[in-house]
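Undergrad: Provide a 3D model corresponding to the input given below.
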Amino acid sequence: MTPRAQERPVASPAKKGTFMLSIDTAGVLAGAALAPSEICYLFGTHFAGKGNAPAPAPHLPDHKDVDIDKLVVDLLAVALLASEQVGALRLELRQGKALFGLRKVNQVFVTATETSTPFFKGSWEAKLYTQAAKSKERTSELANLVFMLVPESTSPFGEVIGLLLVGMNARGLLDVLETTKLKVFHSKRFQLKESTSTLATQQPLDAVKALLNTSQQGRPELHKLLLEGIRRGVSRSEKSDDYGPD
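TA: Numbers count the residues shown, from 1 in each chain. From the prediction side, this is the model:
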């Protein structure tokens with residue numbers, strides 16, 4: 001069964017007041033064979049590339065050709081914005097507390113609507129919706145929402161990508177290569193299937209780019225705080241290296 005053939009809930013148009021591209025674009029994103037965050041990742045050099053020109057073909061990027069931290073922020077932003085487009089999440093500015101409650105600042109809050117997410121189980125879109133729906137009144141401050149989903153790690157930005165790849169692998173989109181060194185150390189790494197690479201070239205990359213560009217241009221304050229909140233939430237999951245100097 002191809003990813004497109006899997007049954008998913010039908011997306012409803014976002015409610016009035018949500019920053020929409022178009023109902024057609026929302027339908028394209030919801031009906032794609034890859035989640036928007038996955039498209040962002042596979043075409044990572046278009047979003048966070050270190051070179052002068054984006055790589056022409058989809059691939060699993062690494063630190064050699066992309067700024068991993070920026071790519072993680074962008075793919076989570078894409079997941080949230082796409083979910084907003086299909087009416088599954090609402091993003092809004094509210095006043096939150098800072099400096100131990102001594103002052104109030106604008107923050108992004110995420111609300112899960114009653115519209116089920118149309119995106120694949122295991123995708124970041126689905127994870128964010130499910131976690132938000134568990135929150136009190138189905139609403140969570142963005143950084144807290146992201147923090148709850150990222151495992152504690154010395155490399156939390158890498159954990160975000162790892163979870164994305166696990167979700168793709170569960171749908172049969174990746175190969176798993178296992179290696180053994182010195183008959184003791186076992187490791188696994190993911191490899192993009194040729195069929196998935198072909199599939200990725202058929203996905204709405206321009207619509208995914210438009211999510212970020214249009215949000216940035218149309219509501220700059222919310223967009224700036226969206227990116228900051230994501231980065232703050234991921235960074236909070238970083239733990240210190242226990243093997244450092246005493």
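Undergrad: next helix or strand past the longest helix seen in the chain?
TA: Across the chain, the longest stretch assigned as helix under DSSP state H is helix 68-85. The first helix or strand that comes after helix 68-85 along the chain, using DSSP states H and E, is strand 89-98.
Undergrad: Sheet partners, orientation included, of that next one?
TA: Using DSSP bridges, strand 89-98 pairs in its sheet with strand 103-112 (antiparallel).
Undergrad: Just the C-alpha atoms of the partner strand, please, in PDB.
TA: Extracted C-alpha coordinates of strand 103-112, given in PDB (Å, rounded to 0.1, in the frame of the first residue of the first chain):
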ATOM      1  CA  ARG A 103       6.700  40.700  33.600                       C
ATOM      2  CA  LYS A 104       4.400  39.700  30.800                       C
ATOM      3  CA  VAL A 105       5.500  39.200  27.200                       C
ATOM      4  CA  ASN A 106       3.800  38.100  24.000                       C
ATOM      5  CA  GLN A 107       4.000  34.400  23.300                       C
ATOM      6  CA  VAL A 108       2.600  32.000  20.800                       C
ATOM      7  CA  PHE A 109      -0.100  29.700  22.100                       C
ATOM      8  CA  VAL A 110      -1.300  26.600  20.200                       C
ATOM      9  CA  THR A 111      -4.800  25.300  20.400                       C
ATOM     10  CA  ALA A 112      -6.000  21.900  19.100                       C
END
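Undergrad: Residues touching the helix or strand just after it, excluding its own?
TA: On the C-terminal side of strand 103-112, the closest following helix or strand by DSSP H and E is helix 124-134. By Cβ atoms under 8 Å, 6 or more residues apart in numbering, the surrounding residues in contact with helix 124-134 are 35-37, 75-76, 79-80, 82-83, 88-89, 110-112, 116-117, 119-120, 138-140, 145-146, 148-149, 160, 163-164, 167. No exception for glycine: its C-beta is placed from N, CA and C like everyone else's.
Undergrad: Just the buried residues of stretch 193-213, please?
TA: 196, 199-200, 203-205, 207-212 (16 or more other Cβ atoms under 10 Å).
Undergrad: give me every residue that touches the residue sitting nearest the centre point of the chain.
TA: Centroid check for the chain by Cα atoms, centre = their mean gives residue 76 as the closest residue, at 2.7 Å. Counting by Cβ under 8 Å, 6+ apart, residue 76 touches 37, 124, 128, 146, 160, 230, 234.
Undergrad: For the residues you listed, please prepare CSV with the additional fields neighbour count and distance to residue 173.
TA: Output for the contacts of residue 76, formatted as CSV (neighbours: other Cβ atoms under 10 Å; distance: Cβ to Cβ, whole Å):
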residue, neighbour count, distance to residue 173
37, 30, 13
124, 29, 14
128, 27, 20
146, 29, 24
160, 29, 17
230, 24, 24
234, 23, 23
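Undergrad: Serialize those to CSV and add fields for distance to residue 53.
TA: Supplementary listing: those in CSV, determined by distance: Cβ to Cβ, whole Å:
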residue, distance to residue 53
37, 23
124, 27
128, 31
146, 31
160, 26
230, 26
234, 28
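Undergrad: the strands in this protein, which residues?
TA: Assignment of strands within the chain using DSSP state E yields the ranges 89-98, 103-112, 139-141, 174-181, 185-192.
Undergrad: can you list those strands in a markdown table and add mean pLDDT?
TA: A markdown table is the format used below for the strands of the chain (pLDDT from 0 to 100):
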| stretch | mean pLDDT |
| --- | --- |
| strand 89-98 | 86 |
| strand 103-112 | 91 |
| strand 139-141 | 96 |
| strand 174-181 | 84 |
| strand 185-192 | 85 |
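Undergrad: Can you tell me the number of residues neighbouring residue 215?
TA: Here the count is done by other Cβ atoms under 10 Å, and residue 215 has 23 residues near it.
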